[in-house]
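In: Fold the following.
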Amino acid sequence: QIQLTESGGGVVRPGGSLRLSCSGSGGDFTLFAMGWYRQATGKQRELVAGISRRGDTIYQPPVEGRFTISRDNAKSTLYLQMDNLQSDDTAVYYCNAANTGTTTSIIMGTYWGQGTQVTVST
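Out: Predicted structure coming up:
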């Protein structure tokens, strides 16, 4: 079990940057594969990027090359560095954790944060 708390959202102009953070508590952060998901108004929640327990990463094509997912196990914190933000990136961003038995898996888990709003607008 783990509790997740996101922070770092806000309003930014196109081409700008934000860094999201997700702090884990109440469990051993190193046992969880982690991911960032987003949900825009009227759309389904979708995977943005994921990271395994050992640090392998995956990205969805729309964000590859612009977003970077990372984790600091000593701080029990997940990050998403978002650069060159575009209007299509506007959404609520959610942190997700999956308790996996292997260090290489990247899957969606059952633990979610409350979400943080990212708005890209002129």
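In: So which residue is dead centre in this structure?
Out: For the chain, the residue nearest the mean C-alpha position is Trp36 (2.4 Å; CA atoms, centre = their mean).
In: Which SSE is immediately downstream of the one helix or strand that residue maps to?
Out: Using DSSP states H and E, Trp36 sits within strand 32-39. Sequence order places strand 46-51 as the next helix or strand after strand 32-39, per DSSP H and E.
In: Paired strands for that next one, with orientation please.
Out: Strand pairing for strand 46-51, determined by DSSP bridges: strand 32-39 (antiparallel), strand 57-59 (antiparallel).
In: Of all these, which one comes closest to Cys95?
Out: Of all the strands paired with strand 46-51, strand 32-39 sits nearest to Cys95, with 6.3 Å by CB to CB. Quick note: C-beta positions are derived from backbone N, CA and C, even for glycine.
In: Tell me which residues of that closest one come out buried.
Out: Going by neighbour count (16 or more other CB atoms under 10 Å), the buried part of strand 32-39 is Phe32, Ala33, Met34, Gly35, Trp36, Tyr37, Arg38.
In: Tell me the gap between it and the middle of its chain.
Out: 5 Å (CA atoms, centre = their mean, to the nearest Å).
In: Output that strand in PDB, but only the C-alpha positions, please.
Out: In PDB, the C-alpha atoms belonging to strand 32-39 read as follows (Å, rounded to 0.1, in the frame of the first residue of the first chain):
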ATOM      1  CA  PHE A  32       6.500   0.100  -7.100                       C
ATOM      2  CA  ALA A  33       6.700   0.700 -10.800                       C
ATOM      3  CA  MET A  34       5.500   4.200 -11.300                       C
ATOM      4  CA  GLY A  35       3.700   6.200 -14.100                       C
ATOM      5  CA  TRP A  36       2.200   9.500 -15.000                       C
ATOM      6  CA  TYR A  37      -1.200   9.600 -16.600                       C
ATOM      7  CA  ARG A  38      -3.300  12.500 -17.800                       C
ATOM      8  CA  GLN A  39      -6.900  13.200 -18.500                       C
END
